[in-house]
Structure formats: structure tokens, C-alpha cells
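K.L.:
can't give you the sequence, but here's the structure:
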């Protein structure tokens, strides 16, 4: 890692040709090799205006999609329409997430209800709350058309195939509602697939995919829904690649060689992604970017975060395992105030001399560099995991999206390469997946 000096630069920043100019406080990172010159800054701003910036993983709280509290307002959520406009984030993949519960009819029914509620509020955002500001995209053509119109773009991903239950027809229902990618597991083995979490104790349910899970992979190919491998186990991923006729994605995973976590992809998995012509989206969640930095800083932050949470009158949890053990409802409540607690604690930490540094945009782009070197520029993308635990120094929320582009420009990436990283790679996979679906449907209905 290069040593980083953080400089605060204030300047007038036009984040997108579709957005109003706004005075922004930008964190620019300067190392011993690269100084951010005015010319470099202008070039980065121009590139950021022109490319379509697409974040493949943004969670949300359904309580923020009402007539009185919604994404047209500058809420504390890391992704809102004002933050997207301020940071020049064009496309947000809103995530229909359901936590893992018992593999039972009761559990499936509850998860299905949760998933349908999340689909409903995304549709409410684009049809009732802010149709003049954001529109749902189902294809790459939709993305480019909506972007040209000046609106922001919503897309839908499904995190955990658990709400499919045992009825494969639900996959098509989710597709018809706009779901364009799905992972077959989350934190815990589902009825479809083993999870990466099994690595901790070497306890597996299916030794990869279940028979139903294998049918779901074929069905996703038939429909044109991208397969997401960010949470399933390595063996499940291998079996998915063996079965699929289309490229796959990892919607929010970084390089395991740089951060040894089972949620990240090792070099063998990265090569599988290249061979499959898929794309891996590096994730800006600090624990998956630099575990050593996180451990040192978290230990120092514990008491400060507790104080911040106490000042807000909310309950604080000191580990991700504790959060994942909560009910879906309680997780939603936690992530609603999570960002504000983190912000308050980080502000306090800035006043303490010698405080352990936070994981930052430079650390994050190290993962992009590594994966580009390993598998090529055509197979790497960008994600935040905002409102689901994501956020790093310099990219704390959607309003700071420009900082990622700036770091890429500093490292010598061309505009064409930055465009691929931000959106073109993912849109190419979506096109390929939908082409496979069209061919499969034609063969079954000659």
C-alpha cells in the first residue's frame, strides 16, 4: 500500500451534465508519486460527467419510501436522490434483500412477503414518489435512454434466493417485477445453495448447489436474469459456472489476495470469472477491503461509537455477526442509523492525534488494480454496499462518488477504461445474458 496524505480541497464541482452545480467538500488523496494538479482535477470532473456511473449494490429501508419520508429528501441514508445528484451517481441497483431463516414453509412465506414488499416500494419510488427524477431500467438500452433524459436510474437486484421457496415459478415473478440479478444464498445456507459462511466451520448443506438450485440456474438463463456469486460458496460458484450458458457477476466482492475473507474471490475464482466472460465488482465495505486496518481502527472506535449511539438513543452492535443475527426488521432499523453513528464517531476520531486511519478510496482502488492486473479491464466493476454496511473514507455515501473516479484518473486509467469499470462491463454482461435468454426461448418455442 502506498502511504496516503489526505488533503481537503474545496471547489465548485459540476458532478454531472444533468445535475445542478453544487459546492462540495472533496477528499483528494495524494501519495508520494501523484500530485493532483488543477488539470488532473478538471479531467477527472469531465470524465465523471460523461461516463455512466453504476453502483451494483445499494440496500434500503422500506420505511424511507412513504409520502412523507422518501428519497427525494436528503435523508441520513447513504443513497438518496439528492446524494446521487451531488455525487454524480447515475445508476443505483436497489437490493431486494431477505435474511436467512429456517428452511420451512413458514420461513419461505415470510421471506416472500418481505421480498414482495421491497419490490413494491422500489416501484413506488419510480412511479409515484419521483417519476420525474428516477426511472426503472430493465435493459442496457433503458439505462442509456434514461441517462440521456437527465433522470437517475433504478435497477433491481435480489440478494438471497431464499424467498423463491420451493416454487421455481417465483423466479419468473421476480424477473417480471424487474429483478435482473439474483444470488442464490446470503449469510447461511439456503434451500438453493451453500453460502460462503460454511467455510468458517466447514459445514455444508448441499456441497454446492441443491437440485432445485441447479434448476434455478437454468431458469435464470432462460429468463435473462444475471447470476450473482458474491455470497454463495466457492463450490456452489464452480457448479454455477459449469451449468450456466451465460456470463455471471459478483455484485459486491473484492480480491481475497488483498483481504482474506470468504466473501472475497481468490485468484482461482477470479480466473473462473474471466473464463466465463463475467465481471467482479469490487466492494467498498471496509472489512472486505483491508481487514488489518479495520481491526486496528475498530478497536479504537468502540467506545466512541458507543458514545455516539448513546447520544442518539439507539443500540449499537460491535460486530457484523451480531447485526446479521438480528431479525430483518431490526436489521433495517440498525442500518437506518448506522451511517449517522459512523459519521459522528469518525468526526470525533479526526480530533484525536495518532488515531488509526480508516480504510479509504485508495485502499479500495488497490483491489480494482489487483483484479484488472489479474483478469483484465473487461471483467472488473464497482460497488458500494451502501446502507448495508458499505462506505469508506472518501466514499461514505453517494454524494462522494466522484472521489472514486478521481482516484482512477490519478492511477492512469483512461476514460474508456473508467467507463468500463463504472458501467460498460456490467451492461455488456446484461446484454449477453439477455441474448442467451432470447435464444433459449426461441429454441423452446420454434
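P.N.:
Sure, I can see it. Remember, predicted model here, so these are calculated numbers, not experimental data. Numbering: from 1, shown residues only.
K.L.:
Could you use CA atoms for every contact and neighbour count after this?
P.N.:
Fine.
K.L.:
residue ranges for the helices of the stretch 51-200 of the chain, please.
P.N.:
81-87, 105-124, 140-149, 169-176 (DSSP state H, counting those that start in this stretch).
K.L.:
Next, the angle helix 169-176 makes with the longest one.
P.N.:
Here helix 105-124 runs at 10 degrees with respect to helix 169-176, directions being taken by axes from the mean of the first three to the mean of the last three Cα atoms, to 10 degrees.
K.L.:
and helix 105-124, what other elements does it pack with?
P.N.:
For helix 105-124, the elements it packs on are strand 91-97, judged by 3 or more Cα pairs under 8 Å, 6 or more residues apart in numbering; DSSP states H and E.
K.L.:
Please repeat the previous calculation with a cut-off of 10 Å.
P.N.:
Packing partners of helix 105-124 (3 or more Cα pairs under 10 Å, 6 or more residues apart in numbering; DSSP states H and E): strand 91-97, strand 134-136, strand 152-159, helix 169-176, helix 328-349.
K.L.:
Pull up the pairing partners for the second one, direction included.
P.N.:
Meaning strand 134-136. strand 152-159 (parallel) (DSSP bridges).
K.L.:
I'd like the average pLDDT over the partner strand.
P.N.:
Taken as a whole, strand 152-159 has a mean pLDDT of 98.
K.L.:
do the same with stretch 49-68
P.N.:
Averaged across stretch 49-68, pLDDT comes to 97.
K.L.:
mind listing what's buried in the helix or strand hosting residue 365?
P.N.:
Using DSSP states H and E, residue 365 sits in helix 361-375. Buried positions in helix 361-375, judged by neighbour count with 16 or more other Cα atoms under 10 Å: 361-372, 375.
K.L.:
Does residue 104 touch residue 165 like I think?
P.N.:
Yes - with contact defined as Cα atoms under 10 Å, residue 104 reaches residue 165; the gap is 8.3 Å.
K.L.:
So for these two, which sits in the more crowded spot?
P.N.:
Comparing residue 104 with residue 165 by other Cα atoms under 10 Å, the one with more neighbours is residue 165, at 24 against 12.
K.L.:
related to what we said a few turns ago, which of the helices of the stretch 51-200 of the chain is buried the deepest?
P.N.:
helix 81-87 (a mean of 23; mean count of other Cα atoms under 10 Å).
K.L.:
Report all helices and strands that that one contacts.
P.N.:
Partner elements for helix 81-87 (3+ Cα pairs under 10 Å, 6+ apart): strand 22-31, strand 91-97, strand 152-159, helix 402-410.
K.L.:
now the angle from the third one to strand 91-97?
P.N.:
By that I understand strand 152-159. 30 degrees.
K.L.:
what residue is smack in the middle of this structure?
P.N.:
Centroid-nearest residue in the chain: residue 57, 2.4 Å away (criterion: Cα atoms, centre = their mean).
K.L.:
pLDDT averaged over stretch 276-294 - what is it?
P.N.:
Averaging pLDDT along stretch 276-294 gives 97.
K.L.:
For that stretch, buried residues please.
P.N.:
276-291, 293-294.
K.L.:
With stretch 243-253 instead?
P.N.:
Buried residues in stretch 243-253 (16+ other Cα under 10 Å): 244, 245, 246, 247, 248, 249, 250, 251, 252, 253.
K.L.:
My read is that residue 54 contacts residue 94, right?
P.N.:
No - at 11.3 Å, residue 54 and residue 94 do not qualify as touching, with contact defined as Cα under 10 Å.
K.L.:
who touches both of these two?
P.N.:
154, 155 (Cα atoms under 10 Å, 6 or more residues apart in numbering).
K.L.:
circling back to that earlier point, just list what the very next helix or strand once past the helix holding residue 365 packs against, helices and strands only.
P.N.:
Once the chain leaves helix 361-375, the next helix or strand it forms, by DSSP H and E, is strand 380-383. Here strand 380-383 touches strand 54-58, strand 249-250, helix 267-276, strand 279-283, helix 361-375, helix 425-444, going by 3+ Cα pairs under 10 Å, 6+ apart.
K.L.:
Can you give the strand pairings for strand 380-383, parallel or anti for each?
P.N.:
Strand 380-383 is paired, per DSSP bridges, with strand 279-283 (parallel).
K.L.:
For the next helix or strand after the partner strand, name the packing helices and strands.
P.N.:
Sequence order places helix 286-289 as the next helix or strand after strand 279-283, per DSSP H and E. Applying 3+ Cα pairs under 10 Å, 6+ apart, we find helix 286-289 packed against strand 279-283, helix 291-312, helix 361-375.
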